[in-house]
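Novice: Structure here, sequence nowhere to be found:
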């Protein structure tokens, strides 16, 4: 019996179950506190940031799904999809593949989502680190460090971005003076399927994964700023996204070329190299949140530049990017877009949500050019479909990419319940949010370094270790193009 | 140049330093946001708990003391203090030892403080753990795990406490049903100096360290509740502290005997055992915050029970505990108390501050019995004395035990500046608060487990590992008394 939770009424009853004790002077039930005192107590504890939770309810193992999979593999055997790869990439705009969700497509979508997630998991957020804003591992170790080697891909190049438009809080910046870069952030990577995976999926697949960091509030601000023309037609896209994709400066170390130039250079070389070997090549661009917007800009540029290359975009929780002309041109160029959204996540509804809510302001700023129908196919997920997820409103949780991946893994169709045979590790959902039911006993936001990266040195002092030299970003590598050798080995 | 911090005015100037670029469509400086939009943006980012800091100032290595000690040991050589141990234990109430602070006393005080800190560092706060509220290590591994073996002590017994008084948020409780204990928390330990340390300090020293967990708001509530008589004189002490010290219940696994009975049984046996070997024995009781209050209750009981035993209390940031009669009896029994306080920490001023601030209410509740002068010698420290600590108000930081230990380490006298030859690792201060200046590049609240204790199992799933069986609390051990063998070996 947890006495600390006793109410005053319970107190006497509790005492009756207790043996009479010598030296115990506890004959007065606790008197009620005046509300004012309680309020003061609450506010004091709040001010002091003390380790104080409201007494939580006790958890009983009363749900059928608890620990269901703890000792099973997280992946199913992988079928050979070489005969069906074009449909999986959306050549028919995923017709008859989404409802119900085709298991082969589900697996591929999760794979791309995990590439996008990798750009978060390996990112250095430590503002006291001289490498804040970079990737914590070099490109040859990334998938190994994150347990993604099973996907059978090899990273060929890291991408870096800056922005000439003032995007408050977009850039993760080191607080130390001698930093690796004051202007640029690691924004993603280019990877290529290895020979074995290439045989399984029926073609050499190039993947570009874009990191998303911009908060909806930034989108809102950007949206308030101008749209920018793109290309030679009437296409216009949101200024902030374009700035991150296109900005460069000779004054920087990592963006003497823009993210656009880096990725175009890399993809062009890869496609050329593989085609010279007579291989069938495809390009899949992925990203979550802002990363989904960058993926679409990237797809637009590739489709306009490289002929006859199947280009597919798998975006997660991405906002709208451009106007109707932008969408039309993408369609004309044959870019395939699968927009994965969560019904409760309002980010994909931006900026349209403003159009609905604040028509006048909206109209003044950009007029009707923003009014467009959704582009591409949509796979809509529902937080309420999963028995592992809490109820209640949790905006960051609804928008979290790991929540998306969990819901995809359990998704069969809008009508059917969550797949109980879904094998992906449920614990991943709480990496950086608080969405899992307590019964799973997984702490919220658990993805963290031991002692925030501090280690005890030989002298008994806690210090931030120097980063492994091979993981220190090198702007030299940013200039050289991919070595196909490592890919084709 | 960090472009993300450019103001709109800077924007054009910045663009002039940028090479003209193809495809770059960035000719419009960003327009100012209407305040309403900014406010909305702020609130959105707040709602979303996004990784958004105000752009921090850049840190330059411009302070003489930065990284001063990174490659030096954290401890000075230890002098033999056997000739002076009675003064160091306060036989003269530390006369002429505090101003300036005697280096031998400083070292001993830090040692006791680190024993008190150990009760925090090894505590299991994980409410999803079935062992929440216990010590993460068994008593034979505690000092080794925390790097305290250098002090030359051996833990002989763990102490557990419960409370019959409803002390909201005192007890750390597991949220799982099958927990090690629903009623009790690990509240401290008894340790004894080994033979080598015994020779250095001139007597066999028994240490009792009490953990402090109660937030000031609880003290406030407790203070509102009744005082309880203690012993046969007029001594009265605060009900909540006494309850934690004295409560027991046959219905529990770890408090069939109270913390008081556990510690008295252990100390009595140890004193008896060592005296039979003709050894000089002393007892030093320490604790921070609530732990300091428990230490005083413990000292009172020991002094009233065991004759001719030198009993000293070294408390850190402890509140007042009892009335004048309580203080008088402690003095008559020869209990020596050194109260270490931080000028900016208001906890030691409780409940007195209520007397000053809210006389009427105060008077109604307890009348004048609370009015008493401070007991014991006081070593007052000042946050502003350390060049390593931030300015500004930080109540939890001011009260943090690691802040105390840092200030003691640097303290020479009220007039002199912080000792630059102080060797204790400064990084420890930020273990669980945010007090260090940015120039040190030590993250706030850095003391944390990798992935909150989750580990990747053989199946690729993140799971909470079973605790090492030898670290699982055993209520059997709670009943058997110390094995002097391990101490005297």
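Specialist: That came through fine. This structure is a prediction, so every number in the text was calculated from the model and none was measured. Numbering: from 1, shown residues only, chains lettered A, B, ... in the order given.

Novice: Regarding residue A:286, which helix or strand does it belong to?
Specialist: strand A:281-288 (DSSP states H and E).

Novice: Say whether chain B is contacted by that strand.
Specialist: No. Using CB under 8 Å from any CB of the partner chain, we find that strand A:281-288 stays clear of chain B, coming within 13.7 Å at best. Yep, even glycine has a C-beta here, placed from its N, CA and C like the rest.

Novice: helix or strand right after that strand?
Specialist: Next along the chain after strand A:281-288, taking DSSP H and E as the criterion, comes helix A:290-305.

Novice: Does chain B have contacts with that next one?
Specialist: No. Helix A:290-305 lies apart from chain B when judged by CB under 8 Å from any CB; the minimum separation is 8.6 Å.

Novice: Now do the same for that helix: mean pLDDT, whole number.
Specialist: Per-residue pLDDT over helix A:290-305 has a mean of 96.

Novice: Would you mind listing what in the stretch 301-450 of chain A touches chain B?
Specialist: Residues of the stretch 301-450 of chain A lying near chain B (CB under 8 Å from any CB): A:395-396, A:399, A:425, A:427-428, A:438, A:441-443, A:446-450.

Novice: Among these, which lie within strands?
Specialist: Using DSSP state E, no member of these sits in strands.

Novice: Pass me the low-pLDDT residue ranges in chain A, would you?
Specialist: A:1-70, A:166-170, A:214-226, A:351-374, A:475-489 (pLDDT under 70).

Novice: Walk me through the domains of it.
Specialist: Domain ranges of chain A: A:3-71, A:85-381+A:449-484, per automatic domain parsing.

Novice: Identify each of the strands in the stretch 101-250 of chain A and give its residue range.
Specialist: A:153-161, A:185-193, A:204-210, A:227-229, A:236-238 (DSSP state E, counting those that start in this stretch).

Novice: and residue A:81, which of the ones you listed is closest to it?
Specialist: The minimum distance between residue A:81 and those falls on strand A:204-210, with 11.0 Å, by CB to CB.

Novice: And the contacts of that closest one?
Specialist: Strand A:204-210 has contacts (CB atoms under 8 Å, 6 or more residues apart in numbering or on different chains) with A:112, A:115-116, A:118-119, A:153, A:159, A:187-193, A:197-198, A:263, A:267, A:270-271, A:274, A:279-287, A:290-292, A:294-295, A:298.

Novice: if you set the cut-off to 7 Å instead, what comes out?
Specialist: Contacting residues not belonging to strand A:204-210 are listed as A:112, A:115-116, A:118-119, A:153, A:187-193, A:198, A:263, A:267, A:270, A:274, A:279-287, A:291, A:294-295, A:298 [CB atoms under 7 Å, 6 or more residues apart in numbering or on different chains].

Novice: Is residue A:135 in contact with residue A:185, as I believe?
Specialist: No. Counting by CB atoms under 7 Å, residue A:135 stays clear of residue A:185, with 9.7 Å between them.

Novice: before we move on, back to that, which of the residues of the stretch 301-450 of chain A next to chain B are buried?
Specialist: A:395-396, A:399, A:425, A:427-428, A:441-443, A:446-448 (16 or more other CB atoms under 10 Å in any protein chain shown).

Novice: Next, format those residues as TSV and append distance to residue B:249.
Specialist: As requested, these are exported to TSV (distance: CB to CB, whole Å):
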residue	distance to residue B:249
A:395	45
A:396	43
A:399	48
A:425	41
A:427	36
A:428	42
A:441	27
A:442	32
A:443	30
A:446	35
A:447	40
A:448	38
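
Novice: would you say residue A:404 is within a strand?
Specialist: No. Counting by DSSP: H, G, I helix; E, B strand; the rest coil, residue A:404 falls outside a strand, being helix.

Novice: which ones are touching the nearest residue to it once chain neighbours are set aside?
Specialist: Using CB to CB, 6 or more residues apart in numbering or on different chains and skipping the chain neighbours, the partner closest in space to residue A:404 is residue A:316 (4.9 Å). Residues in contact with residue A:316 (CB under 7 Å, 6+ apart) are A:113, A:116, A:288, A:292, A:340, A:401, A:404.

Novice: Filter those down to just the buried residues.
Specialist: A:113, A:116, A:288, A:292, A:340, A:401, A:404.

Novice: surely the last one meets residue A:343?
Specialist: No. Between residue A:404 and residue A:343 no contact is recorded; they are 11.5 Å apart, counting by CB under 7 Å.

Novice: Report the set of residues contacting both of the two.
Specialist: residue A:381.

Novice: Out of the buried ones among the residues of the stretch 301-450 of chain A next to chain B, list just those in helices.
Specialist: A:395-396, A:399 (DSSP state H).

Novice: Name the SS class of residue A:262, please.
Specialist: With three-state DSSP as the basis, the three-state label of residue A:262 is helix.

Novice: show me what contacts the closest residue to it other than its chain neighbours?
Specialist: Once flanking residues are discounted, residue A:262 sits nearest to residue A:159: 5.2 Å by CB to CB, 6+ apart. Neighbouring residues of residue A:159 by CB under 7 Å, 6+ apart: A:187-190, A:259, A:262-263.

Novice: Save the residues you listed as TSV, and put in distance to residue B:330 and neighbour count too.
Specialist: Converted to TSV, the contacts of residue A:159 look like this (distance: CB to CB, whole Å; neighbours: other CB atoms under 10 Å in any protein chain shown):
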residue	distance to residue B:330	neighbour count
A:187	65	30
A:188	67	32
A:189	67	26
A:190	73	25
A:259	70	27
A:262	73	25
A:263	74	27
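
Novice: Same list (those residues) but as TSV, adding distance to residue A:130.
Specialist: Output for those, formatted as TSV (distance: CB to CB, whole Å):
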residue	distance to residue A:130
A:187	19
A:188	22
A:189	21
A:190	26
A:259	22
A:262	22
A:263	26
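
Novice: Chain B: which of those is nearest?
Specialist: Nearest to chain B, judged by CB to the nearest CB, of those is residue A:259 at 11.9 Å.

Novice: show me what contacts the closest one?
Specialist: A:159-161, A:187, A:244-245.

Novice: Please enumerate the strands of the stretch 301-450 of chain A.
Specialist: Secondary structure of the stretch 301-450 of chain A (DSSP E, counting those that start in this stretch): strands at A:311-316, A:336-342, A:377-381.

Novice: which one of the ones you listed lies closest to residue A:77?
Specialist: Relative to residue A:77, the nearest member of the strands of the stretch 301-450 of chain A by CB to CB is strand A:311-316, separated by 22.3 Å.

Novice: Quickly run through the sheet partners of the closest one, with directions.
Specialist: strand A:281-288 (parallel), strand A:336-342 (parallel) (DSSP bridges).

Novice: Please render the ones you listed as CSV that adds distance to residue B:205 to the earlier fields.
Specialist: Formatted as CSV, those follow (distance: least, CB to CB, whole Å):
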stretch, distance to residue B:205
strand A:281-288, 59
strand A:336-342, 61
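
Novice: Among these, show me which one is buried the most.
Specialist: With neighbours defined by mean count of other CB atoms under 10 Å in any protein chain shown, none of the strands paired with strand A:311-316 is more surrounded on average than strand A:281-288, at a mean of 27.

Novice: what comes into contact with it?
Specialist: A:89, A:112, A:115-116, A:203-210, A:212, A:267, A:271, A:274-275, A:294-295, A:298-299, A:302, A:309-318, A:401.

Novice: What subset of the residues you listed is buried?
Specialist: Buried among the contacts of strand A:281-288 by 16+ other CB under 10 Å: A:89, A:112, A:115-116, A:203-210, A:212, A:267, A:271, A:274, A:294-295, A:298-299, A:302, A:309-318, A:401.

Novice: For residue A:100, grab the count of nearby residues.
Specialist: For residue A:100, the count of nearby residues is 14 (other CB atoms under 10 Å in any protein chain shown).

Novice: Could you pull up the contacting residues of it?
Specialist: By CB under 7 Å, 6+ apart, the neighbours of residue A:100 are A:412-413.

Novice: rerun at 10 Å
Specialist: Residues near residue A:100 by CB atoms under 10 Å, 6 or more residues apart in numbering or on different chains: A:106, A:411-416.

Novice: Can I get the buried ones among those residues as something I can paste into ChimeraX?
Specialist: Buried subset of the contacts of residue A:100, written as a ChimeraX selection, criterion 16+ other CB under 10 Å:
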select /A:106,411,412
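
Novice: Good, we can wrap up now.
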